[in-house]
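A.B. asks: Make a model of this:
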Amino acid sequence: MDTQASKEKKAISVIEKVVLYSLYVLFGVINTAVIVSGDFEGLLVVLPITVISIWLTKWGMKWQNERYLRSAENQDEIEYLKKKVDNLEKRIFNLEE
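C.D. replies: Coordinates of the predicted model:
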């Protein structure tokens, strides 16, 4: 049985890969265009923007993904407790009879 947390992990992994690969391609094209143009002073602007953008994106996604996973784990635990309470209610009902 797939739990909410495992489903969330799979979705997060796919989204993270798509976002990061698209960033790598985007900044790779930009940096390559600056190098090919011969404007090496432009690299002093583009490279720090590239490094900071990719680092901030990775950090932000990691932080947000941890929140999503904790929320999904909490939902799984609530579902488990709900089943446990339902079973206890059935047992109490049977004992009362």
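A.B. asks: rest of the way, CA atoms for contacts and neighbours
C.D. replies: Fine.
A.B. asks: can you count the residues close to the residue nearest to Asn31 when sequence neighbours are not counted?
C.D. replies: Distance criterion Cα to Cα, 6 or more residues apart in numbering; nearest residue to Asn31, sequence neighbours excluded, is Val46 at 6.8 Å. The number of residues packed near Val46 is 15, by other Cα atoms under 10 Å.
A.B. asks: Point me to the helix or strand that includes Val46.
C.D. replies: helix 43-96 (DSSP states H and E).
A.B. asks: gap between that helix and the chain center?
C.D. replies: 9 Å (Cα atoms, centre = their mean, to the nearest Å).
A.B. asks: counting contacts, what elements does that helix pack onto?
C.D. replies: Secondary structure elements in contact with helix 43-96, counted by 3 or more Cα pairs under 8 Å, 6 or more residues apart in numbering; DSSP states H and E, are helix 4-37.
A.B. asks: Now do the buried residues in the helix it packs on.
C.D. replies: In terms of neighbour count (16 or more other Cα atoms under 10 Å), helix 4-37 has its buried residues at 4-5, 8-9, 12, 16, 23, 27, 30-31, 34.
A.B. asks: ok, and the closest non-adjacent residue to the residue nearest in space to the middle of the chain?
C.D. replies: Most central in the chain under Cα atoms, centre = their mean is Asn65, positioned 3.4 Å from the mean C-alpha point. Closest residue to Asn65 apart from its sequence neighbours, by Cα to Cα, 6+ apart: Ile12 at 6.7 Å.
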